[in-house]
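Undergrad: model this:
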Amino acid sequence: MKRYTYIRNGLLTAAVVWGLVLTVIGRIPTLPTSADISPSQLAGNTYLYLQESLCPLLFCCAFLVGGVAAIAYGFFLRRHFHQYSEFGHAGIYLGYFVLLSAVWILTDSQALAIFTTEAGGILNKNAIVSLSYMAFMLLPIAFIAFVQHIRPGSRWLDRMTDLFTLNLVLFVLLLWVRLPQNLYMISLFIHHILMYTLMIAELRRYLQTSADGQPRSAQERALTRGLVWFICFSAIALVAFLAGKHRLYSLIYGLGFLVLGVYMCKVIFHNIVSMYKGAVELDVYRSMAYTDMLTGLHNRNAFVGAQDTLTVDTASSYIVMDINHFKWINDTFGHHFGDELIGYIARLVKDAFGSIGTCYRIGGDEFVVICQGADEAAVQQAIAALHQRIRDENAYPQAHLSVACGYAFGQEQDTANSLFAAADEAMYQDKRRRADDRERSAPTPPTA
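TA: Got it, this is the predicted structure:
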């Protein structure tokens, strides 16, 4: 399938390049055109020139700015956000569509007529008309590419691209052999048939989706509305063309491209919003996955992740803490009181150690701090500050509140697990020492 796509894209590129070569060297036959005012009339009448050209020039400038912005945005997404590369491709093809619209509006109008050789300029009138034809024939191809990156998986859109490509190849071949101008209307007629087939099929698919009860996304609604408006404008433009109002034909068709381009921009906007919401939700879920809901500290998942990535050296240290006789507290005062106590200790731990390390709650009443770069004096000072806060505030005197602490510094042979085990053992030594002190000072204290 990829090889087939490469062949088709190669054929399309070759047709465009050869058409441009014929245009540049001036080997272009006389083509049918909607122009109904001669260049010599415009060259000598500034008011008439502005009357005929002001709207196309304004449209062209607006489309050029919008097209360049869309392409820049698309390349920005592709370079910095690989997970949104499809949106990036869509932005690029939106830019191509808008730039091709600008080229078609400019070349199909009278804006360049005063620069043609007929008005004493250097441009070939037939070359300008040829560019107008090719831009017009490339527009549906850019539109299909945009839709395919917004809504991947539509094979029939590939077949439509094939048909548009073959029709463009046919047009360039007609240019090459310089056939009479009426024959070029065959290619233009085929192009219009294909274009309306594409749009009506897209509308039918949208209506079928609605009839099947499938949800319609904001992108689908915006794209469909753009197509409906474009069909309306293009139908009015064709009526104007058949009525001989060639100036209105270009103006109305240009408005149709403008409206469709705006709705395509709206599709991109909805994608940006969806992308942003998805990124925010992902951050929230990631935060929930690594945050302890009771205390707001990092949880055990975060601790395990830190263990896996930590490089232990002599500047690394672990501090392990455990609330003494917590089971007795839970059994005596209830789990609600125990949860409140854990939250209180977590705030004290963060206040004492937050400036020197990362704090985790890894179990019911067990806390760990991982430090990188804090010396032993800073660790001892933080532990002393924790104990002092508990004694000074005496927030839960009925619970005989105290915290056992142990720490260990890394050695050359240590791993993250062995360093944690050493700090954990030091914490249990502190717990046993405090239990022994309590037994000597009071015969009936609660035990851990």
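
Undergrad: From here on, just use CA atoms for contacts and neighbour counts.
TA: Noted.

Undergrad: Now do the same contact list for the closest residue to residue 321 other than its chain neighbours.
TA: Distances taken as CA to CA, 6 or more residues apart in numbering place residue 405 nearest to residue 321, at 4.5 Å, with adjacent residues excluded. When contacts are counted by CA atoms under 8 Å, 6 or more residues apart in numbering, residue 405 is found next to 319, 320, 321, 322, 383, 426, 427, 428, 430, 431.

Undergrad: Can you select the buried ones from the residues you listed in ChimeraX?
TA: Buried residues among the contacts of residue 405 (16 or more other CA atoms under 10 Å), as a ChimeraX selection:
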select :319,320,321,322,383,426,427,428,430,431
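
Undergrad: that older thread, any idea which element the residue nearest to residue 321 lies in?
TA: strand 403-409 (DSSP states H and E).

Undergrad: Could you give the average pLDDT over that strand?
TA: What strand 403-409 shows for mean pLDDT is 94.

Undergrad: Determine which two of the contacts of residue 405 are furthest apart.
TA: 383 and 428 (15.1 Å; CA to CA).

Undergrad: re the thing from before, secondary structure and distance to residue 3 added to the contacts of residue 405, as CSV?
TA: As requested, the contacts of residue 405 are exported to CSV (DSSP: H, G, I helix; E, B strand; the rest coil; distance: CA to CA, whole Å):
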residue, secondary structure, distance to residue 3
319, strand, 60
320, strand, 61
321, strand, 63
322, strand, 64
383, helix, 67
426, helix, 66
427, helix, 66
428, helix, 67
430, helix, 71
431, helix, 71
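
Undergrad: Can you add distance to residue 189 and give the contacts of residue 405 back as CSV?
TA: Formatted as CSV, the contacts of residue 405 follow (distance: CA to CA, whole Å):
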residue, distance to residue 189
319, 80
320, 80
321, 81
322, 82
383, 85
426, 87
427, 86
428, 88
430, 91
431, 90
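
Undergrad: what pairs with the strand holding residue 405, and is each one parallel or antiparallel?
TA: strand 316-323 (antiparallel) (DSSP bridges).

Undergrad: which is the next helix or strand following the strand it pairs with?
TA: Going down the chain from strand 316-323, the next helix or strand is helix 326-333, by DSSP H and E.

Undergrad: Show me what that next one is packed up against.
TA: On a contact count with 3 or more CA pairs under 8 Å, 6 or more residues apart in numbering; DSSP states H and E, helix 326-333 meets helix 335-353.

Undergrad: Past the helix it packs on, which element shows up next along the chain?
TA: Following helix 335-353 in sequence, per DSSP H and E, is strand 357-361.

Undergrad: Assign residue 312 to helix, strand or coil.
TA: With DSSP: H, G, I helix; E, B strand; the rest coil as the basis, residue 312 sits in coil.

Undergrad: So what's the residue count around it?
TA: 21 (other CA atoms under 10 Å).

Undergrad: That one touches residue 418, doesn't it?
TA: No: assessed by CA atoms under 8 Å, residue 312 is found out of contact with residue 418, at 10.0 Å.

Undergrad: Spit out the contact partners of residue 85.
TA: 77, 78.

Undergrad: Number the chain from 142, please
TA: Fine by me, first position is 142 from now on; the one you just mentioned is residue 226.

Undergrad: Show the pLDDT at it.
TA: Note on residue 226: pLDDT of 76.

Undergrad: Repeat that for the one 4 residues further on.
TA: If you check residue 230, the pLDDT there is 87.

Undergrad: nearest residue to it other than its sequence neighbours?
TA: residue 215 (5.9 Å).

Undergrad: separation between that neighbour and residue 287?
TA: For residue 215, the distance to residue 287 equals 11 Å [CA to CA, to the nearest Å].

Undergrad: who touches both of these two?
TA: By CA under 8 Å, 6+ apart, the residues touching both residue 215 and residue 287 are 230, 231, 232.

Undergrad: ok, the first one - how many residues close by?
TA: Put plainly, it is residue 230. Neighbours around residue 230, by other CA under 10 Å: 22.

Undergrad: element containing it?
TA: In this structure, residue 230 sits in helix 226-249 according to DSSP H and E.

Undergrad: for this protein, what's the longest helix?
TA: Determined from DSSP state H, the single longest helix within the chain is helix 387-430.

Undergrad: distance between whatever helix or strand comes next after it and the chain's centre?
TA: On the C-terminal side of helix 387-430, the closest following helix or strand by DSSP H and E is helix 441-450. Remark: helix 441-450 is offset 30 Å from the chain centroid, using CA atoms, centre = their mean, to the nearest Å.

Undergrad: list the buried ones in helix 441-450?
TA: 441, 442, 443, 444, 448.

Undergrad: wait, the last one sits on residue 559?
TA: Okay, so that is residue 448. No: Residue 448 is not in contact with residue 559 according to CA under 8 Å; the separation is 10.5 Å.

Undergrad: pLDDT weak spots in the chain?
TA: Scanning the chain for pLDDT under 70 picks out 142-143, 174-185, 224-225, 260, 294, 350-357, 387, 419-420, 423-424, 577-589.

Undergrad: quick one: residue 170 from residue 157, how far?
TA: 17 Å.

Undergrad: again, but for residue 448
TA: 58 Å.

Undergrad: Over to residue 553?
TA: 67 Å.

Undergrad: who's more crowded, those two?
TA: residue 157 (20 against 8).

Undergrad: Show the contacting residues for that one.
TA: Per CA under 8 Å, 6+ apart, neighbours of residue 157: 275, 313.

Undergrad: let's go with 10 Å and repeat that
TA: Applying CA atoms under 10 Å, 6 or more residues apart in numbering to residue 157 gives the contacts 151, 163, 272, 275, 276, 279, 306, 309, 310, 313.

Undergrad: Equivalent analysis for residue 150, please.
TA: Contacts of residue 150 by CA under 10 Å, 6+ apart are 144, 156, 302, 303, 306.
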